[in-house]
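# how would this look folded up:
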Amino acid sequence: MLTVEAILRRHPALQSRDFRRIFANAFFASASHWTMLLARGWLIFELTGHAGWVGAATFAGMVPLLLAGPIGGALADRADRRRMAIAADMVSIFSAFGLAAITLPGFVEPWHVIAFAALGGTARAFGTPAEQALVANVVPREHLLNAIALAGITRHGSRVLGPTIGGAMLSFLGSGSVFILSGCFVILALYQIFKLEYRAPPAAGEAEGPLFDGRRILNDIGAGFAYLERDARVMFVMVLVGLHCGLTMAFDSMMPTLATQVGGADRTYSAIIVGVGVGAICGTLVISMLRTEVAQGRALLVVGIGSGAAMLVIGFAVTPWMAILGGVATGLTQASYMALSATFVQRTVPDEYRGRVMSIYLMLAAGHMAFANFGYGWLSNEIGVRVLLIFPAMIWTLAFLTAAAMLPEVRSLVRRGTFRPRPAVVAAES
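Predicted structure coming up:
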């Protein structure tokens, strides 16, 4: 029988009350993000009939993580991370309800969708580094993998709740109702952050001088990149994350077209997104229970290869069920790969650099996904979505296997779950 005590033994991060609140915050915020992505993509596809516009909206929502993410990371290492998360959630609420207000009466135009996507993306660029850095502040180091994997469940697994409800509302009530649902999810997320008991220590929460000093922010960002330059171990992981996101995870702009081709239109589209969430829950639950470093390294190898294979299933899909099955496999492998990669990074980086390094991590991930989604969306009308699903997946698989075989740091990671011993990497003064 699965009791509360058994759950806490398997998932010790949940013993922290503050982590449970961060978990709930991330769940509702992610549910909002996925419902917004679902409705926004279908709305702009209906307005234009062109996958390129879907790519443009996806790009607008993701590119702020590339442009403003490092600034958000620098502030997360200087300012109160809890307050940053609160402010970001408030902007997200405005973005969701604002888009609903012009969609419901029929005033919405494609450029409105793109503008609100950019606003919501900017909120995520400042809020996500703060929220991710908070995780390591409220759990012991030995529970960090479990905490990050559980946080991964909220980010990816919330695709089940949000798009399931949102997909039904999309079919019967239209996109405007889904935007309202998205805003309500963020309100629930905001409530959890308000209840957080953790408070930043004075050195982090009360930085000397003006918080938005441009020169100091640039210096802080530069120090984050300098840390990565000194620690090639983390850099290798992050470069692979960028490739993984650009070659296997940038499929959002092509899903409305694929769903139309295999049959089922918006119902198949919603089901694929939900399938990704179901797979993500299964994958990250298994990853969260891995106790040994060797098991974590072997798991990274399996899901790294599996990410490419899952995209091949979607690329060759000829029926709705095959596409949905590919979505499940995609969520299982990709969410697990990202959870493991984030754990290896957070386990290595000192806390005073965590916000900046994680913002660079997000910058690489979101930047590759933003530009790839944009490019794939426009190219798909010329060369077809299947080519753009199959060939990037093959390139990723080859690149990952090459890195695992040829790069000593990556080879050590997939074999032992740890980096090679090396001289101390000393963080420079920020």
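# hey, let's count contacts and neighbours off CA atoms from now on
OK.
# correct me, but residue 340 touches residue 302?
No: checked against CA atoms under 8 Å, the pair residue 340 and residue 302 is beyond contact range at 11.5 Å.
# More neighbours: which of the two?
The neighbour count for residue 340 versus residue 302, taken as other CA atoms under 10 Å, is higher for residue 340 (25 against 15).
# and after the strand or helix carrying residue 266, which helix or strand comes next?
Using DSSP states H and E, residue 266 maps to helix 265-288. For helix 265-288, the following helix or strand on the C-terminal side (DSSP H and E) is helix 293-315.
# Assign residue 260 to helix, strand or coil.
Three-state assignment for residue 260 (DSSP: H, G, I helix; E, B strand; the rest coil): helix.
# didn't residue 301 look like it was pressed against residue 414?
Yes: with contact defined as CA under 8 Å, residue 301 counts as touching residue 414 (5.7 Å).
# Show the backbone phi and psi for residue 318.
phi -120, psi -10 (degrees, to the nearest 10).
# Tell me how far it lies from residue 261.
Distance, residue 318 to residue 261, using CA to CA, to the nearest Å: 8 Å.
# swap in residue 123?
Separation of residue 123 from residue 261 (CA to CA) stands at 34 Å.
# Mind checking which of those two has more residues around it?
residue 123 (26 against 15).
# Excluding sequence neighbours, find me the nearest residue to that one.
Nearest in space to residue 123, with sequence neighbours left out and distances taken as CA to CA, 6 or more residues apart in numbering, is residue 88 at 4.7 Å.
# And for residue 195?
residue 21 (7.5 Å).
# pretty sure the one you found contacts residue 194?
No: between residue 21 and residue 194 there is no contact under CA under 8 Å: 9.3 Å.
# Tell me where the model's unsure across the stretch 101-250 of the chain.
For the stretch 101-250 of the chain, the stretches flagged by pLDDT under 70 are 141, 145, 149, 152-160, 200-214.
# what are the ranges of the helices in it?
For the stretch 101-250 of the chain, applying DSSP state H, counting those that start in this stretch gives helices covering 110-138, 144-152, 158-172, 175-194, 202-205, 214-230, 232-248.
# for the ones you listed, which one ends up most surrounded?
Counting by mean count of other CA atoms under 10 Å, helix 144-152 has the highest mean neighbour count of the helices of the stretch 101-250 of the chain, with a mean of 27.
# and residue 55, what is it in contact with?
When contacts are counted by CA atoms under 8 Å, 6 or more residues apart in numbering, residue 55 touches 252, 253, 254, 373, 374, 375, 376, 377, 378.
# Same list (those) but as TSV, adding pLDDT.
Below are those laid out as TSV (pLDDT from 0 to 100):
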residue	pLDDT
252	77
253	77
254	85
373	77
374	78
375	82
376	83
377	78
378	78
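# thinking again about what came up before, so where does the residue nearest to residue 123 fall, helix or strand?
In the assignment (DSSP H and E), residue 88 maps to helix 81-103.
# Now do that helix: distance to the chain's middle.
Relative to its parent chain, helix 81-103 has a centroid offset of 18 Å by CA atoms, centre = their mean, to the nearest Å.
# quick one: buried residues of it?
Within helix 81-103, the residues that count as buried by 16 or more other CA atoms under 10 Å are 81-86, 88-101, 103.
# residues near the closest residue to residue 381 other than its chain neighbours, how many?
Leaving out its chain neighbours, the residue that sits closest to residue 381 by CA to CA, 6+ apart is residue 51, at 7.0 Å. Neighbour count for residue 51, taken as other CA under 10 Å: 29.
# give me every residue that touches residue 51.
Applying CA under 8 Å, 6+ apart to residue 51 gives the contacts 45, 253, 254, 256, 257, 377, 378, 380, 381.
# Secondary structure class of the first one, three-state.
In this case it means residue 45. Here residue 45 is recorded as helix under three-state DSSP.
# Please apply the same query to the fourth one.
At residue 256 the chain is in helix, as set by three-state DSSP.
# Could I get the pLDDT score of it?
Model confidence at residue 256, given as pLDDT, is 83.
# I'd like the distance between it and residue 266.
Note on residue 256: its distance to residue 266, by CA to CA, is 7 Å.
# For residue 107, grab the count of nearby residues.
By other CA under 10 Å, the residues close to residue 107 number 10.
# List phi and psi for it.
Torsion angles, degrees, to the nearest 10, at residue 107: phi -90, psi -10.
# related to what we said a few turns ago, in terms of neighbours, single out the busier of residue 256 and residue 266.
Neighbours per residue (other CA under 10 Å) separate residue 256 from residue 266, with residue 256 holding more: 25 against 21.
# Please look at the more buried one and residue 44 and confirm they touch.
No: counting by CA under 8 Å, residue 256 does not reach residue 44; the two are 10.3 Å apart.
# For residue 276, which of the helices of the stretch 101-250 of the chain is the nearest?
Among these, the nearest to residue 276 by CA to CA is helix 158-172 (7.1 Å).
# Figure out how far the closest one is from the centre of its chain.
How far helix 158-172 lies from its chain's middle: 19 Å, per CA atoms, centre = their mean.
# Only alpha carbons, please: show it as PDB.
What follows is helix 158-172 as a C-alpha-only set of coordinates in PDB (Å, rounded to 0.1, in the frame of the first residue of the first chain):
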ATOM      1  CA  SER A 158       1.300  19.600 -16.100                       C
ATOM      2  CA  ARG A 159       0.700  19.100 -19.900                       C
ATOM      3  CA  VAL A 160      -1.800  16.500 -18.800                       C
ATOM      4  CA  LEU A 161      -4.000  18.700 -16.600                       C
ATOM      5  CA  GLY A 162      -3.700  21.900 -18.600                       C
ATOM      6  CA  PRO A 163      -4.200  20.700 -22.100                       C
ATOM      7  CA  THR A 164      -6.700  18.000 -21.200                       C
ATOM      8  CA  ILE A 165      -9.000  20.700 -19.700                       C
ATOM      9  CA  GLY A 166      -7.900  23.300 -22.200                       C
ATOM     10  CA  GLY A 167      -8.300  21.000 -25.200                       C
ATOM     11  CA  ALA A 168     -11.900  20.300 -24.300                       C
ATOM     12  CA  MET A 169     -12.500  24.000 -23.800                       C
ATOM     13  CA  LEU A 170     -10.800  24.800 -27.100                       C
ATOM     14  CA  SER A 171     -13.100  22.400 -29.000                       C
ATOM     15  CA  PHE A 172     -16.300  23.700 -27.400                       C
END
